[in-house]
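Asks: After the sequence you'll find the predicted model.
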Amino acid sequence: AAAAGALPPALSPQTPLGQQFDAAVKQSFATSVTRIYGYTIPLVLLSFVLALFLPELPLRTSNRDEPPPVE
């Protein structure tokens, strides 16, 4: 008699297919993560370098609204 919870013998050929699917999903995930970091690391470095060239604007010293200068 089959053990309780065991798969019927008719399902045993599907096991290698599931393992192949699992391996394919893991491989595609690893590849996509590698590509994402490969694209974003240079982008982050470029953004940092560009941020160094942004002009420094002083912060306001008060929170009162000042009227715009009249020309």
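Replies: Done, it's in.
Asks: okay, A4: pLDDT?
Replies: Model confidence at A4, given as pLDDT, is 66.
Asks: no no, G38
Replies: Turning to G38, the model gives it a pLDDT of 94.
Asks: Helix, strand, or coil at it?
Replies: Taking DSSP: H, G, I helix; E, B strand; the rest coil as the rule, one finds G38 in the helix state.
Asks: Look up how far L50 lies from it.
Replies: Note on G38: its distance to L50, by CB to CB, to the nearest Å, is 20 Å. (Each C-beta comes from the backbone N, C-alpha and C, glycine too.)
Asks: Next: P16.
Replies: 51 Å.
Asks: repeat for N63
Replies: Taking CB to CB, one finds N63 at 30 Å from L50.
Asks: low-scoring pLDDT stretches of this protein, where are they?
Replies: Residue ranges of the chain with pLDDT under 70: 1-15.
Asks: between N63 and L50, which one's more packed in?
Replies: L50 (9 against 5; other CB atoms under 10 Å).
Asks: Give the buried residues for the helix or strand hosting the more buried one.
Replies: Counting by DSSP states H and E, the element that carries L50 is helix 14-52. Neighbour-count burial for helix 14-52, counted by 16 or more other CB atoms under 10 Å, picks out no residue.
Asks: Which elements pack onto that helix?
Replies: If you count contacts as 3 or more CB pairs under 8 Å, 6 or more residues apart in numbering; DSSP states H and E, helix 14-52 packs onto no helix or strand.
Asks: That helix: how far from the chain's middle?
Replies: Distance, stretch centre to chain centre, for helix 14-52: 8 Å (CA atoms, centre = their mean, to the nearest Å).
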